[in-house]
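> The following block contains a protein sequence and its predicted model.
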Amino acid sequence: MGMNMTEKILAMHAGLQEVAPGQLITCKLDMVLANDVTAPPSFKEFEKIGVPVFNNTKIALVPDHFTPNKDIKSAALSKAVRDFAQKHNIINYFEVGRGGIEHVILPEKGIVAPGMLTIGADSHTCTYGALGGFSTGVGTTDLAVGLATGEAWFKVPETIKVNLTGEKPADVTGKDVMLTLIGMIGVDGALYKAIEFAGDGVKALSMDDRLTIANMAIEAGGKNGIFPVDDVTKAYIKDRVKKEYTIVEADADAKYCQNVEINLSELVPVVAFPHLPGNTKKVNEIPEIKIDQVVIGSCTNGRIEDMQIAAQIMKNRTVHKDVRCIVIPGSQWVYKEMIKRGYADIFIDAGAAVSTPTCGPCLGAHMGILTAHERCVSTTNRNFRGRMGHVDSEVYLAGPQVAAASAVLGRIAQPSDLK
Amino acid sequence: MALEGKVWRYGDNIDTDVIIPARYLNSFDPQELASHCMVDIDESFAQNVQEGDIMVSGKNFGCGSSREHAPVAIKASGVPVVIAASFARIFYRNGINIGLPLLEIGDDVEKISAGDRLRVDKVTGKIENLTTGDVFNAHPLPGFVENIAKAGGLINYIKEKKINA
Ligand code: SF4
């Protein structure tokens, strides 16, 4: 019987010829990831098991949520991560100033590759499916067991196939593709399921687009999101991935539980209204909504292409007088590149705040918390109640082009609204 | 083993930012997490929840972040079992892994209201609504997931496996 991409990768890592949806399996892990919020509690559980780490080269530790440390308690969390990394000689430990946001740097540094099985104690670990691997988020206990044994249990998911056709218009981004899909199937539309992207439309999506799309599989309830490996993938990993990897393809007779069709050429810029990522509306169909803040960054849209899109719109324009615009590159590399290419100058000249990489405002940690009744257009991935601060604040999710145009106009807008 | 408790009833898509807001994640002390559990939508929960009370919710309970702080906060509040129409995937894993039983009952959840008293058998999944008289059964746990639950969580399960190996 034919298998899809997710089934093949899971079978490969379980040492089985074949797996089918519903089957419970134990898999060998290629990479185990945690951050400053999830790693410290997992270390406590890890100590209880009482064995050394399974492999110091297959663990990545990235302090990114509350860093540079926002308070004394966060400093203690970071210290716990640093101490563990030293004690166990963890190769992929990324100190402040040498890394960035976990899901931006793991692909960027070639730590994740096609065919790999990655778990991370962070729900957006699903990002790496963009490279044709299986990756999914777990909690701290699963992580502790992963650190100790290099294994995790899985239930083989059913898979939704999303067939992409056509080419997206110039003012549409990967974020619009994913917000549109979540709007179609709902925030639990892919609950317990895998999402496999396929079709001719994939070819025209850049790697940064694919990373944004796979990143938000979890916002549809998905276990993972996965893209086929093509020339775009190969060009991206060429100078990055130094280890062996396996390219996996879905069989022609692979089984899917549902088929969804999206014609990219019909898409328009969208925005997800509070308080669910599935409350998607077309920007050209909404009433005037005044805003107080714009955040451009995060593991969803903190990559160089996002910075480029926003900079092109902000060039020779200024941030609206009633708006704070905060730009946060997702990694040190993105930061340096945006300085080199002149984007940092454009943002600063426009009157935006530009910071060092961090998750910061995305989870309401620091660097741009909202008070009651403030509205923010954000390129992040969640607009749950209280996500960016006060319970009575509002977060509108959008792509970098909508965020930048909104920053300039002081209301939710798309690039074509600019004179 | 049957439990009896009063229901705290919540709606659909209760996310982990609601269960325990990120601003409290700089601690993972269970009691401290419990003291902030659900504050953004229900301030009375943390103040008034009694040992043995049962949390009941609609579909996609626990969606959002992978923070295990969420099931830990609920467990440390004294809640021995959570019942929902459905659970978000990572929350479900985490609940099982830390030994917080989770029972999925689909649309039957509509037959449970705030303040009802329930009798719940964690092993068979039988749920009796003592207030209304309704009786329903939760979907059973699959295979070795049941063994993890029986061991009281994944760490115990792995330790037992290590000893028996
Ligand atoms: S940027 Fe936001 S969503 Fe991404 S890892 Fe950080 S906190 Fe999580």
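Alright, I've got the coordinates. This structure is a prediction, so every number in the text was calculated from the model and none was measured. Residues are numbered from 1 along each chain as shown, chains lettered A, B, ... in the order given.

> measure the nearest residue to residue A:21 once chain neighbours are set aside to residue A:117 for me?
Setting aside the residues directly before and after it, residue A:21 is nearest to residue A:158 in space (Cβ to Cβ, 6 or more residues apart in numbering or on different chains), at 4.4 Å. Heads up, the C-betas are built off the backbone N, CA and C, glycines and all. Residue A:158 is 18 Å from residue A:117, where distance means Cβ to Cβ, to the nearest Å.

> what does chain A put close to the ligand?
A:64-65, A:101-103, A:122, A:124, A:298-299, A:359, A:362-363, A:380-381 (Cβ under 6 Å from any ligand atom).

> now these as TSV including secondary structure, distance to residue A:266 and neighbour count?
Putting those into TSV (DSSP: H, G, I helix; E, B strand; the rest coil; distance: Cβ to Cβ, whole Å; neighbours: other Cβ atoms under 10 Å in any protein chain shown) gives the following:
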residue	secondary structure	distance to residue A:266	neighbour count
A:64	coil	36	27
A:65	coil	37	26
A:101	coil	32	32
A:102	helix	34	29
A:103	helix	29	33
A:122	coil	33	31
A:124	helix	27	27
A:298	helix	27	28
A:299	helix	28	28
A:359	coil	33	32
A:362	helix	30	29
A:363	helix	33	24
A:380	coil	26	28
A:381	coil	23	26
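
> Dump those into CSV; add pLDDT as well.
Listed next are the residues of chain A next to the ligand as CSV, based on pLDDT from 0 to 100:
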residue, pLDDT
A:64, 98
A:65, 97
A:101, 98
A:102, 98
A:103, 98
A:122, 97
A:124, 98
A:298, 98
A:299, 98
A:359, 98
A:362, 97
A:363, 96
A:380, 98
A:381, 98
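
> of those residues, list those near chain B.
Here is what survives when those are matched to chain B using Cβ under 8 Å from any Cβ of the partner chain: A:65, A:122, A:363.

> correct me, but the second one touches residue B:90?
Yep, that's residue A:122 we're talking about. No: counting by Cβ atoms under 8 Å, residue A:122 stays clear of residue B:90, with 9.7 Å between them.

> Am I right that residue A:126 sits in a helix?
Yes: applying DSSP: H, G, I helix; E, B strand; the rest coil, one finds residue A:126 inside a helix.

> which residues touch it?
Counting by Cβ atoms under 8 Å, 6 or more residues apart in numbering or on different chains, residue A:126 makes contact with A:135, A:136, A:137, A:214, A:215, A:217, A:218, A:222, A:223, A:224, A:225.

> Mark which of these are part of strands, please.
A:135, A:136, A:137, A:224, A:225 (DSSP state E).

> Of these, just say which sits nearest to residue B:83.
Nearest to residue B:83 among the ones in strands among the contacts of residue A:126, counting by Cβ to Cβ, is residue A:137 at 23.7 Å.

> Hmm, that closest one is touching residue A:121, no?
Yes: applying Cβ under 8 Å, one finds residue A:137 in contact with residue A:121, separated by 7.3 Å.

> So the two - more neighbours on which side?
residue A:121 (30 against 27; other Cβ atoms under 10 Å in any protein chain shown).

> Chain neighbours aside, what residue packs nearest to residue 117?
No chain in the question, so chain A it is. In this structure, residue A:117 finds its nearest non-sequential neighbour in residue A:13, 4.6 Å apart by Cβ to Cβ, 6+ apart.

> Actually, chain B is the one I wanted.
Spatially, and ignoring its direct neighbours in sequence, residue B:117 is nearest to residue B:130 (4.3 Å; Cβ to Cβ, 6+ apart).

> What of residue B:17?
In space, residue B:17 is closest to residue A:384, 4.4 Å off (Cβ to Cβ, 6+ apart).

> so what's the one you found up against?
With Cβ under 8 Å, 6+ apart, residue A:384 has these contacts: A:275, A:276, A:395, B:15, B:17, B:18, B:64.

> Name the SS class of it, please.
For residue A:384, the assignment made with three-state DSSP gives coil.

> For residue A:188, see how far away the closest residue in space to residue A:186 that isn't next to it in sequence is.
Computed as Cβ to Cβ, 6+ apart, the closest residue to residue A:186 that is not its neighbour in sequence is residue A:278, at 5.2 Å. Distance from residue A:278 to residue A:188, counting by Cβ to Cβ: 9 Å.

> which stretches of chain B form helices?
Using DSSP state H, the helices of chain B run over B:16-19, B:30-34, B:43-48, B:69-76, B:89-98, B:143-151, B:154-164.
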